[in-house]
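Enquirer: Structural data only, the sequence is not supplied:
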Ligand code: ATP
Ligand code: MG
């Protein structure tokens, strides 16, 4: 059993399911993940995917095959696009889950949904209402006052049937009529006050084309879709708790093949970001980010591009668990999971973000050599590679100080350091341009210190990374930070501001002319790299070109943010 197949932590939903199975209520568990294809999936959806597909995996044993369906809730042609369907499928597979043969579309049920609507009309449980959307809202009442009956509530079944068929046939314009359930305008639960079942939308649907000009509402389509797929447990987020009586009303009043049980859980909220497709869409539309897959976004496409491993996200979802109470999860928790995974799996390499040229004046001109470096010092099984070394190298600008402060153990005039996997070098001279800017330094090396140890036992306090100047590849590096400057941007924006105001201007910093060791010329998209001392990086799948490699910093090595906050 791989890590990924281990049963997740116990939670109240698993307890309910175990009881239902033990009591003989079901022979097998069937769950579903029902995205609306109106945007890209985000980390909140990952929680739902891990929960639904995770349950199917856990409750599968030798006797019973549990399963999880992927169902596109494509009932609204105004906001949905086929491109999102493709992206969502890719994201679910990438997260490590597979629906097998069980791919469904709510639009596949349009005929059944229509027939069920006629069934309700014939039972005097639905009517065609000519009130406008505003009028319906205005007569709905409030939490403390009952709603008012629509003047069309008492239409005859025959008239309703006739009008509904005309609606379907395209006789009326958008917004002129709706079909409503006839439940109770005085119900304490507002969702039961004659909710709308169908509205007129003359618009082409990505799958059914122009076949329909009336489209069902989510609350109506969802329980029926669940029942038709024999879903046993329909898991959704807390905001649907108030809709559950309506969900159950449809199942009780329609000739459905079974009665799924809706169970609600708390949605994931994550600090310094927003988890709402609508708000993410807004950031894309307003140009605050480069697109849905901008590596600063919390979408699965973005975090994949940024280098978050799928296993780290699954592990994160396990760690946050599933509860009944909303909370704001600290971003550092997912970052911890990402670091944990990358620390295990990333190949160690050297790359210079801000290059400073070093000339080793006693290294013979024209000579070069190859030194052995480990790909992962704690995991010898990950092998070694060769690093070219020569007279000219680059080091990190910040690893040199012309006038070192106290306890600065890296390179400074007269000071000696170790070059990782190579030699000790000592700074002899600083080269400046006419403006007094340091443009390079001259060092000497001690050939006896090959491998980083001095035979005379002398020690150095600092070890720095480097790359050979003539063999280095030049790359663009993109460094990311939190997208927003405030932990709860939605709350901040609710207080009269807009989301845009809270975008962190330093959330993306682009560095050009970075120098990387030559092994990175063959960097692979499916490989994560630790640039020693600098963080974890991966090749950018969108913008990287063989002639112009681009790497994203997935995450820094340690959590610097916590320290900054503490200050
Ligand atoms: P959004 O608010 O981002 O538009 P949504 O709920 O409208 O999300 P859907 O496509 O309808 O998006 O969601 C598919 C499933 O994912 C639903 O069952 C929903 O409850 C679940 N889901 C959405 N957001 C979260 C979240 N933040 N945490 C957990 N589950 C979520
Ligand atoms: Mg939704």
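Expert: Thanks, I have the structure now. Because the structure is predicted, anything quoted here is derived from the model rather than measured. Ligands and ions are numbered 1, 2, ... in the order given.
Enquirer: quick one: low-confidence parts of the stretch 401-550 of the chain?
Expert: Applying pLDDT under 70 to the stretch 401-550 of the chain flags no residue at all.
Enquirer: Distance of residue 179 relative to residue 220?
Expert: Using Cβ to Cβ, to the nearest Å, we find residue 179 at a distance of 9 Å from residue 220. No exception for glycine: its C-beta is placed from N, CA and C like everyone else's.
Enquirer: Need the residues touching each of these two.
Expert: Residues touching both residue 179 and residue 220 (Cβ atoms under 8 Å, 6 or more residues apart in numbering) are 117, 197-198.
Enquirer: Can you say which of the residues you listed are buried?
Expert: Buried residues within those, counting neighbours by 16 or more other Cβ atoms under 10 Å: 117, 197-198.
Enquirer: mind listing which of those are in strands?
Expert: The strands, defined by DSSP state E, take in 197-198 from these.
Enquirer: so which of the buried ones among the shared contacts of residue 179 and residue 220 are also by ligand 1?
Expert: When Cβ under 6 Å from any ligand atom is applied, no member of those is adjacent to ligand 1.
Enquirer: Which single residue of the stretch 101-250 of the chain ends up nearest ligand 1?
Expert: Sorted by distance to ligand 1 under Cβ to the nearest ligand atom, the residues of the stretch 101-250 of the chain start with residue 237, at 3.7 Å.
Enquirer: cool, the chain as well?
Expert: For the chain, Cβ to the nearest ligand atom, closest residue to ligand 1: residue 44, 2.1 Å.
Enquirer: which residues of the chain score low on pLDDT?
Expert: Residue ranges of the chain with pLDDT under 70: 1-10, 560-567.
Enquirer: Would you mind naming what in it lies close to ligand 1?
Expert: By Cβ under 6 Å from any ligand atom, the part of the chain that sits against ligand 1 consists of 34-36, 44-45, 47-48, 236-237, 267-268, 275-278.
Enquirer: can you pull the contacts of the residue nearest to residue 64 when sequence neighbours are not counted?
Expert: Nearest non-adjacent residue to residue 64, counting by Cβ to Cβ, 6 or more residues apart in numbering: residue 28, 4.5 Å away. Contact analysis of residue 28 by Cβ under 8 Å, 6+ apart lists 59, 64-67, 232.
Enquirer: So residue 28: helix, strand or coil?
Expert: Counting by DSSP: H, G, I helix; E, B strand; the rest coil, the backbone at residue 28 sits in coil.
Enquirer: Any buried residues in stretch 258-276, and which?
Expert: By neighbour count on 16+ other Cβ under 10 Å, the buried set for stretch 258-276 is 260-275.
Enquirer: again but with stretch 167-185, I slipped
Expert: For stretch 167-185, the neighbour count (16+ other Cβ under 10 Å) marks 167-168, 172, 177-183, 185 as buried.
Enquirer: Redo these as a markdown table? Include secondary structure and distance to residue 315.
Expert: Below are these laid out as a markdown table (DSSP: H, G, I helix; E, B strand; the rest coil; distance: Cβ to Cβ, whole Å):
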| residue | secondary structure | distance to residue 315 |
| --- | --- | --- |
| 167 | helix | 50 |
| 168 | helix | 49 |
| 172 | coil | 52 |
| 177 | coil | 51 |
| 178 | strand | 46 |
| 179 | strand | 46 |
| 180 | strand | 46 |
| 181 | strand | 43 |
| 182 | coil | 49 |
| 183 | coil | 44 |
| 185 | coil | 49 |
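Enquirer: what's the farthest-apart pair in those?
Expert: Using Cβ to Cβ, the two most remote members of the buried residues of stretch 167-185 are 168 and 185, lying 25.6 Å apart.
Enquirer: where do the helices sit along the chain?
Expert: Secondary structure of the chain (DSSP state H): helices at 12-22, 43-58, 82-95, 110-122, 133-138, 157-169, 218-228, 244-253, 277-285, 300-306, 310-320, 331-345, 489-494, 560-566.
Enquirer: would you turn the ones you listed into a markdown table with distance to residue 147?
Expert: Formatted as a markdown table, the helices of the chain follow (distance: least, Cβ to Cβ, whole Å):
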| stretch | distance to residue 147 |
| --- | --- |
| helix 12-22 | 33 |
| helix 43-58 | 32 |
| helix 82-95 | 35 |
| helix 110-122 | 19 |
| helix 133-138 | 9 |
| helix 157-169 | 20 |
| helix 218-228 | 17 |
| helix 244-253 | 15 |
| helix 277-285 | 27 |
| helix 300-306 | 41 |
| helix 310-320 | 39 |
| helix 331-345 | 42 |
| helix 489-494 | 28 |
| helix 560-566 | 48 |
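Enquirer: Could you list the domains of the protein?
Expert: Under the assignment named as automatic domain parsing, the residue ranges that make up the domains of the chain are 3-265, 277-348+475-566, 354-465.
Enquirer: My understanding was that residue 234 contacts residue 264; is that so?
Expert: No: counting by Cβ atoms under 8 Å, residue 234 stays clear of residue 264, with 9.7 Å between them.
Enquirer: got a list of contacts for stretch 364-376?
Expert: 346-348, 350, 380, 382-391, 420-422, 450, 468, 470.
Enquirer: List buried residues within the residues you listed.
Expert: 346-348, 350, 385, 387-391, 420-422, 450, 468.
Enquirer: what's in contact with stretch 304-311?
Expert: Stretch 304-311 has contacts (Cβ under 8 Å, 6+ apart) with 3-4, 91, 94-96, 293, 295-296, 334, 338, 341-342, 345, 480, 528, 536-538, 540-542, 552, 554-555.
Enquirer: How about the contacts made by the closest residue to the residue of the stretch 101-250 of the chain closest to ligand 1 other than its chain neighbours?
Expert: With sequence-adjacent residues excluded and distances taken as Cβ to Cβ, 6+ apart, residue 237 is closest to residue 267, at 4.2 Å. Taking Cβ under 8 Å, 6+ apart, we find residue 267 in contact with 44, 47, 237-239, 275, 326.
Enquirer: And residue 254, by the same measure?
Expert: Listed by Cβ under 8 Å, 6+ apart, the contact set of residue 254 reads 116, 119-120, 224, 227.
Enquirer: circling back: count the neighbours of the residue of the stretch 101-250 of the chain closest to ligand 1 for me.
Expert: 15 (other Cβ atoms under 10 Å).
Enquirer: what does residue 489 give?
Expert: By other Cβ under 10 Å, the residues close to residue 489 number 25.
Enquirer: What residues does the closest residue to residue 411 other than its chain neighbours make contact with?
Expert: Excluding the flanking residues, the one nearest residue 411 by Cβ to Cβ, 6+ apart is residue 400, at 4.5 Å. Taking Cβ under 8 Å, 6+ apart as the contact definition, residue 400 lies against 356, 410-412, 427, 438, 441.
Enquirer: Check residue 175 too.
Expert: Listed by Cβ under 8 Å, 6+ apart, the contact set of residue 175 reads 132-133, 199-200.
Enquirer: same question, residue 210
Expert: Contacts here follow Cβ under 8 Å, 6+ apart; on that basis residue 210 touches residue 204.
Enquirer: swap in residue 78?
Expert: Residue 78 is in contact with 201, 203, counting by Cβ under 8 Å, 6+ apart.
Enquirer: Now do the same contact list for residue 415.
Expert: 404, 409, 426-427.
Enquirer: cool, residue 456 as well?
Expert: By Cβ under 8 Å, 6+ apart, the contact list for residue 456 reads residue 448.
Enquirer: Neighbours of residue 19, how many?
Expert: Considering only other Cβ under 10 Å, residue 19 is surrounded by 10 other residues.
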